[in-house]
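In: How does the following fold in three dimensions:
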Amino acid sequence: MSPSLVVLICRYEFYVITMQVSSVDNEKIISNLATVEGMRIVSLVPSLTLTLFDLGLTSNEIVGRTPWCIHPAEKVSEVMVVGGTKTPNLNKIRNLKPDLIVMDKDENPLKVYEQLLSEGFKIFVSEVEHPNDVPHMLKELGEACGKAKQGEIMAQNCTMALMNCSNEQRKFTTIPLIWYQPIMAVSPRKYPGAILTHVGFDVIDTHPTSNGYPELSMEDFVEHQPMLILLTSEPHEFTKQEGEEISKRIISAGGARPMVKLIDGEDLTWFGSKTEKAIQNLGNLYKLFLEEFQHQSHE
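Out: Numbering: from 1, shown residues only. This is a model prediction of the structure:
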């Protein structure tokens, strides 16, 4: 796979695009929105739709979302769907006349961003590569949507969770998988891999020159010899049977049998208000795996 191509997967949307949303000056956006009352917001980022509600906004302010914005279920049902993360319906967005559109650098296409920006829409763009990036993003998003105090509190709670769950003693050489056909992993250079690394998993960067979401062959597993393979529930919902099949193929290719575990994909990919709890969940999971591994080692 060419490193100039970025494979983006979001639940049931699978696209290969050549560029992402460019970095923007969110401080300028915040300044321009400081006096807006009764704000109307369209969110094209599932985890940030949840974050906006957690900041205290309601469906009166959040007026547009993607079909993958599924949390909180009882609230998003009242918000209009404006198309997917990669293929939003621009006419629906225009008709909603939002004061702010929320996008993500990796998740949303550059062309969509550029078109909406050229029409004068204010756009907040998140750029999160590591869980340590989340607190600052939460503060900026809170300021941008008129919930600065709530954003500050959320950022402080997230920072505390990051400090409490930080683990520098890396164990379990790990490959987290996000897709089955073809088999694709995530590197420690991207948020899902970085959050696992933060709590103690030794996530292997199988292809350091890739875009962070490499396609893997059985030879890659044999070469890197992971102790642990994590199978996420999204964007692909792995099954135990698929994990067993991958394990058998690794052994047939000459590799050692890894420990294979299912994991909640939302803990890996839903950055924002969910990061605080995700860090705690993954930290507890690491301790559970460590106890299990130590028990097996003494048998």
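
In: which residue is nearest the centroid of this structure?
Out: Centroid check for the chain by C-alpha atoms, centre = their mean gives Thr269 as the closest residue, at 2.6 Å.

In: count of neighbours near the closest residue to it other than its chain neighbours?
Out: Counting by C-beta to C-beta, 6 or more residues apart in numbering, Thr269 lies nearest to Pro192, which is 5.5 Å off, once chain neighbours are set aside. C-beta: built from backbone N, CA, C; applies to glycine. Applying other C-beta atoms under 10 Å, we find 25 residues neighbouring Pro192.

In: Output the helix or strand hosting Pro192 as PDB - backbone C-alpha positions only.
Out: Take DSSP states H and E as the rule and Pro192 turns out to sit in helix 191-199. This file holds the C-alpha atoms of helix 191-199, laid out as PDB (Å, rounded to 0.1, in the frame of the first residue of the first chain):
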ATOM      1  CA  TYR A 191      -4.700   7.400  18.500                       C
ATOM      2  CA  PRO A 192      -6.000   3.800  18.900                       C
ATOM      3  CA  GLY A 193      -2.400   2.400  19.100                       C
ATOM      4  CA  ALA A 194      -1.200   5.300  21.200                       C
ATOM      5  CA  ILE A 195      -3.900   4.900  23.900                       C
ATOM      6  CA  LEU A 196      -3.000   1.200  24.200                       C
ATOM      7  CA  THR A 197       0.700   2.100  24.500                       C
ATOM      8  CA  HIS A 198      -0.100   4.700  27.200                       C
ATOM      9  CA  VAL A 199      -1.600   2.100  29.500                       C
END
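
In: which helices and strands sit right next to it?
Out: helix 148-165, strand 171-179, strand 201-203, helix 265-269, helix 275-297 (3 or more C-beta pairs under 8 Å, 6 or more residues apart in numbering; DSSP states H and E).

In: quick one: average confidence on it?
Out: For helix 191-199, mean pLDDT is 96.

In: and the angle from it to helix 275-297?
Out: Interaxial angle, helix 191-199 versus helix 275-297 (axes from the mean of the first three to the mean of the last three C-alpha atoms, to 10 degrees): 60 degrees.

In: Residue numbering should commence at 33 henceforth.
Out: Renumbered: residue one is now 33, and that last one reads helix 223-231.

In: Enumerate every residue touching the closest residue to Asn313 other than its chain neighbours.
Out: Leaving aside its chain neighbours, Asn313 sits nearest to Asp299 (5.1 Å; criterion: C-beta to C-beta, 6+ apart). Asp299 makes contacts with 227, 306, 309-310, 313-314, as judged by C-beta atoms under 8 Å, 6 or more residues apart in numbering.

In: Need those residues in TSV (columns: distance to Met192 and neighbour count).
Out: Listed next are the contacts of Asp299 as TSV, based on distance: C-beta to C-beta, whole Å; neighbours: other C-beta atoms under 10 Å:
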residue	distance to Met192	neighbour count
Ile227	16	28
Lys306	15	21
Lys309	12	15
Ala310	14	26
Asn313	15	17
Leu314	16	23
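
In: mind checking the SS state of Val157?
Out: Look at Val157: counting by DSSP: H, G, I helix; E, B strand; the rest coil, its state is strand.

In: That one against Tyr145, yeah?
Out: Yes. Using C-beta atoms under 8 Å, Val157 is in contact with Tyr145, at 7.2 Å.

In: rewinding a little: what residues does the residue nearest to Thr301 make contact with?
Out: With C-beta under 8 Å, 6+ apart, Pro224 has these contacts: 208, 210, 218, 264, 300-301.

In: Swap in 10 Å and give it another go.
Out: Pro224 sits next to 208, 210, 217-218, 235, 244-245, 262, 264, 295, 297, 299-303 when contact means C-beta atoms under 10 Å, 6 or more residues apart in numbering.

In: mind listing what the residue nearest to the centre of the chain touches?
Out: Going by C-beta under 10 Å, 6+ apart, Thr301 touches 41-43, 78-79, 139, 210, 218, 222-224, 227, 264-267, 310.
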